[in-house]
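Participant: after the sequence you'll find the predicted model.
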Amino acid sequence: MKKFTLGNSRENILEIIPERTLKKVLVGDKSIGLLRIENRFHAFQSSCPHKGASLLEGSINQLEEIICPLHQYRFDLKTGSVRAGYCSDLEIYSTELTNKGLIILLP
Ligand code: FES
């Protein structure tokens, strides 16, 4: 497990990651997606498990699902489960908002 810290404080993270805006973040040599909803953060693989479209071009619904822009498959951002469509689940990564920034754990 690899641990990365984004930002340098809780306030800093809340400021640089606006709510409901899909962000691409480079952690180590991996590019991942990051989304904040209120004070909850979702970190996930940025390419769709179906055919590899960029989920950063996707949209978010009220159920905290991300919708792929290419074939509209939906993935639960809390669990990674595919909710609509036929492919493997989305890889998601643990996050923790701390006073020292946002911690992201990659396998
Ligand atoms: S590439 Fe994402 S649903 Fe097909």
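Facilitator: Happy to help now that I have it. Numbers count the residues shown, from 1 in each chain.

Participant: need the pLDDT of the most centrally placed residue in the chain.
Facilitator: Nearest residue to the geometric centre of the chain (C-alpha atoms, centre = their mean): Ala43, 2.9 Å. With respect to pLDDT, Ala43 has a value of 98.

Participant: could you list the contact residues of this structure toward the ligand?
Facilitator: Within the chain, the positions near the ligand by C-beta under 6 Å from any ligand atom are 48, 50-51, 53, 68, 70-71, 73, 85. C-beta: built from backbone N, CA, C; applies to glycine.

Participant: just those residues: which are in strands?
Facilitator: Taking DSSP state E, every one of the residues of the chain next to the ligand sits outside strands.

Participant: ranges for the helices of the protein?
Facilitator: Remark: helices assigned in the chain by DSSP state H are 10-16.

Participant: which residue ranges of it form strands?
Facilitator: Under DSSP E, the chain gives strands at 2-6, 23-27, 30-37, 40-45, 59-60, 65-67, 74-76, 82-84, 92-98, 101-106.

Participant: strand partners (parallel or antiparallel) of the fifth one?
Facilitator: For strand 59-60, the paired strands and their directions (DSSP bridges) are strand 65-67 (antiparallel).

Participant: run the chain-centre distance for the partner strand.
Facilitator: Using C-alpha atoms, centre = their mean, to the nearest Å, the mean C-alpha position of strand 65-67 is found 10 Å from that of the whole chain.

Participant: what of stretch 67-74?
Facilitator: Remark: stretch 67-74 is offset 15 Å from the chain centroid, using C-alpha atoms, centre = their mean.

Participant: buried residues of that stretch, list them for me.
Facilitator: 67-68, 73-74 (16 or more other C-beta atoms under 10 Å).

Participant: how about the nearest residue to Glu96 once chain neighbours are set aside: which residues does it bridge to?
Facilitator: Nearest in space to Glu96, with sequence neighbours left out and distances taken as C-beta to C-beta, 6 or more residues apart in numbering, is Ile103 at 4.5 Å. Beta bridges link Ile103 to Thr5, Glu96, judged by DSSP bridges.
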